[in-house]
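Peer 1: Need coordinates for the following:
(one chain, ligands or ions: 1)
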Amino acid sequence: MKIVGKIITLVFVAPSNIHGKGVFSKQRITARKKIGELSGMLISKQAARKKVKEQPAIHMVELWNGKALDCSEFRNELAFINHSCKPNCYMRNINNLVEFYALRSIKMNEELTCNYGETHHDGKLPCRCGCEGCIGNL
Ligand SMILES: [Zn+2]
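Peer 2: As a prediction, the model looks like this:
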């Protein structure tokens, strides 16, 4: 099933200082404001785990309801939000939606980052966020 997320604030995808492509804000965002929701294909957690084993660099988010959002083919800009150990956004999962909110006020052209928490990389992917207090691995 396709999950079509809405994006509320203006964002753009561009090369990131952290890793690959990143998402940047086209406007000032006040703290706590909703940025938008992730788009993806809704699949079972089982299918998701099988897929990330075969393609470790995939965009995949596990949900609380036992499903997962696969952003490898169908996705929106928010799939490119990079991890930071000192992020400016946070993620909230309600049912099949993964929502992003501003953790603090965000400047125009600032990269949006989120703490991924536990990932399918099992601590094997080096973190490149470069912030003070970086945990080192994802
Ligand atoms: Zn880090």
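
Peer 1: If you average the pLDDT over stretch 12-32, what comes out?
Peer 2: Across stretch 12-32, pLDDT averages out at 95.

Peer 1: Show me the contact partners of that stretch.
Peer 2: Stretch 12-32 has contacts (C-beta atoms under 8 Å, 6 or more residues apart in numbering) with 9-11, 35, 77-78, 80-84, 101-113, 128-130. Where you see a C-beta, it was placed from the backbone N, CA and C, and this is true even at glycine.

Peer 1: do the same with stretch 60-71
Peer 2: 3, 38-45, 47-48, 51-52, 58-59, 72, 79, 91, 93, 95-96, 98, 120.

Peer 1: quick one, what contacts the residue nearest the centre of the chain?
Peer 2: Central residue of the chain (C-alpha atoms, centre = their mean): Ile81, 4.4 Å from the mean position. When contacts are counted by C-beta under 8 Å, 6+ apart, Ile81 touches 22-23, 89, 100, 112-114.

Peer 1: quick revisit: out of the contacts of stretch 60-71, which are buried?
Peer 2: Among the contacts of stretch 60-71, those classed as buried by neighbour count (16 or more other C-beta atoms under 10 Å) are 3, 38-41, 43, 48, 51-52, 59, 79, 91, 96, 98, 120.

Peer 1: So which of these sit within strands?
Peer 2: Secondary structure assignment by DSSP state E places 3, 40-41, 43, 91, 98 of the buried ones among the contacts of stretch 60-71 in strands.

Peer 1: Quick one: name the residues of the chain near the ion.
Peer 2: Neighbours of the ion within the chain, by C-beta under 5 Å from the ion: 85, 127, 129, 134.

Peer 1: For the residue nearest to the last one when sequence neighbours are not counted, list the residues it contacts.
Peer 2: Right, the one you point to is Cys134. With C-beta to C-beta, 6 or more residues apart in numbering as the criterion, Cys134 has its nearest non-adjacent residue at 4.6 Å, and that residue is Cys85. Under the criterion of C-beta under 8 Å, 6+ apart, the neighbours of Cys85 are 115, 127, 129, 131, 133-135.
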